[in-house]
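Asks: model the following, please.
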Amino acid sequence: MKMAQLTDHDLIKLYLSGNHNAIQELIDRHKDKVYTYLLKLTKDKDLAEDFFQETFYKAVKSLKEDRYQEDGRFIGWVLRIAHNLVIDYYRRKKNMQLVMQEEGKPDIFNKAKNYDTSVEETIISTQVNKKLKKLIAQLPEEQREVVIMRHYFNMSFKEIAEVTNVSINTALGRMRYALINMRKMIKENAVQL
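Replies: Alright, predicted model coming up:
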């Protein structure tokens, strides 16, 4: 049987038994999806390529160290590694921009502007972003994760659902509760945005 006909699970078992061609088949099979996902998150080809290499390096290392839990979704696991690498990178950089506009409701996030801003607007924007980051940091992990993916990376709820291994309705619900919680924190703490 040719390697291209094997399942991801079979290729992993083959690789762990010593066949190094099996891991190359796995990478070749999923490289386009992983790279496209990273490019969508970073919007930077060089950064996406760096994350791509690091993603598969970590995946192979985890396989070798027997840390991969077989759940039948190798690609979901690899995308999760890629996602975590990007999140960690931007957390370290601390230069993410919050963008959101919910129809029919006040925009509690700072909307990116396509024109030069005054010094005063820049200061106000910086202060608002700091306050929002503090609010987001106080959210439960599942809600915080959805907010970051949706607004830092402009991911669709379908993509968020795939990466977090939940239904689209669950991802939407987490976002809804995140917004409710943030509005509540703003009101309780009299935060001025």
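Asks: what does stretch 177-193 contact?
Replies: Counting contacts by CB atoms under 8 Å, 6 or more residues apart in numbering, the residues outside stretch 177-193 that touch it are 102, 108, 128, 131-132, 135-136, 138-140, 143-144, 146-147. Using the backbone N, CA and C atoms, a C-beta is placed for each residue, glycine as well.
Asks: select from those the one having the most neighbours.
Replies: residue 146 (27 neighbours; other CB atoms under 10 Å).
Asks: that one and residue 139, how far apart?
Replies: Per CB to CB, to the nearest Å, residue 146 is found 9 Å from residue 139.
Asks: next secondary structure element downstream of the worst-scoring helix or strand of the chain on mean pLDDT?
Replies: The helix or strand of the chain with the poorest confidence is helix 119-137; it has a mean of 75 (mean pLDDT, DSSP states H and E). Using DSSP states H and E, the next helix or strand after helix 119-137 towards the C-terminus is helix 141-147.
Asks: which helices and strands sit right next to that following helix?
Replies: Applying 3 or more CB pairs under 8 Å, 6 or more residues apart in numbering; DSSP states H and E, we find helix 141-147 packed against helix 119-137, helix 157-164, helix 168-188.
Asks: just to revisit the earlier point, tell me the two of the contacts of stretch 177-193 that are most distant?
Replies: Within the contacts of stretch 177-193, 128 and 140 form the most distant pair, 22.5 Å apart (CB to CB).
Asks: how much space between residue 168 and residue 15?
Replies: 33 Å.
Asks: quick one: which of these two has more around it?
Replies: A count of neighbours by other CB under 10 Å puts residue 15 above the other of residue 168 and residue 15, at 19 against 14.
Asks: just give the nearest non-adjacent residue to that one, would you?
Replies: Spatial nearest neighbour of residue 15, excluding adjacent residues (CB to CB, 6 or more residues apart in numbering): residue 22 at 3.9 Å.
Asks: residues contacting the residue most central in space within the chain?
Replies: The chain has residue 83 as the residue nearest its centroid, 4.2 Å off, counting by CA atoms, centre = their mean. Neighbouring residues of residue 83 by CB under 8 Å, 6+ apart: 37, 41, 149, 163.
Asks: one step back: can you put the helices and strands packed on helix 141-147 in CSV and add distance to residue 45?
Replies: Shown next, in CSV, are the helices and strands packed on helix 141-147 (distance: least, CB to CB, whole Å):
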stretch, distance to residue 45
helix 119-137, 27
helix 157-164, 19
helix 168-188, 28
